[in-house]
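Chemist: What follows is a protein structure lacking sequence information:
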């Protein structure tokens, strides 16, 4: 591993880059400490992998290889180990220099040793994934014959003033030509630097509890019965709905995105929850759910 160079973006986002890997910490509340709600992103050319983790959560996501999207589950102890490794690494790097290069290896070990992986699905074309904190991650997928890998990634973060910025990670797939060195740059409002040129065209998936993601009113993953490594998005960008499942749970999730609240929660808060009436609401939501192929903008695509 080469020496890591440190860059700062937007006043509260720090990236350590080695040429092969990038490690990003977005200090969301700008308190100078790794705390719940902050964002960690790691990219490795080895395996063409992208790790995303909202600090404090029991789960993260790991995209790797031909892109396989896996869930990363952390025990209470494992979560604490990851947070401690993050704190040590970026406490060192905050002044603009990473003096102890071994901290990156220790951070890798904390994530890889403690994260229990479970496959959710595969995708062979560009997609966007919204994390549990509403961070949007856009994957630029390159193909060579029947093989697909993550080439670049755009990640939306919040700067110290609360404004959205975009950080682009490049050359994640090192065998696809180019400069060979992976790096992270501030690409805010600079489409030429960003990985995905037409973000509104992307299929949007939402990170969900367990080894699952949501797309519109459909779930993909373990709880939906999606078989391991099912190609949910093919090389032409087509969505294969047969790999997913629609249920009351997925409809409630979709409705909470569209209308800003969960029907069942609202009814229970009002003290008027009625199972039969809720069944009618579910059927109505299912009937009016926007087709997946409609305009793919915002959180409900």
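Modeler: That came in fine, so what should we check first? Computed from a predicted structure; not experimentally measured.
Chemist: What strands flank the biggest strand by length in the chain, and is each parallel or antiparallel?
Modeler: Counting by DSSP state E, the longest strand found in the chain is strand 147-158. Strand 147-158 has its sheet partners listed here by DSSP bridges as strand 136-144 (antiparallel), strand 164-170 (antiparallel).
Chemist: mind listing what's buried in it?
Modeler: Neighbour-count burial for strand 147-158, counted by 16 or more other C-beta atoms under 10 Å, picks out 148-158. For every residue, glycine as well, the C-beta is placed using N, CA and C.
Chemist: Residue 10 - how many residues pack around it?
Modeler: Number of residues near residue 10 (other C-beta atoms under 10 Å) recorded here: 20.
Chemist: right, I mislabeled it, should have said residue 133
Modeler: Look at residue 133: counted by other C-beta under 10 Å, it has 17 neighbours.
Chemist: Next: residue 6.
Modeler: 17.
Chemist: the helices in this protein, which residues?
Modeler: With helices called from DSSP state H, the chain shows them at 76-93, 102-114, 248-259, 263-269, 275-288.
Chemist: quick one: low-confidence ranges for the stretch 51-200 of the chain?
Modeler: Applying pLDDT under 70 to the stretch 51-200 of the chain flags the ranges 176-179.
Chemist: With distance to residue 190 added, can I get the strands paired with strand 147-158 in CSV?
Modeler: Output for those, formatted as CSV (distance: least, C-beta to C-beta, whole Å):
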stretch, distance to residue 190
strand 136-144, 14
strand 164-170, 8
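Chemist: among these, which is the most enclosed?
Modeler: strand 164-170 (a mean of 22; mean count of other C-beta atoms under 10 Å).
Chemist: and that strand, how far out from the chain's middle?
Modeler: Centre-to-centre, strand 164-170 and its host chain are 13 Å apart (C-alpha atoms, centre = their mean, to the nearest Å).
Chemist: Equivalent analysis for stretch 137-148, please.
Modeler: The answer for stretch 137-148 is 16 Å, by C-alpha atoms, centre = their mean.
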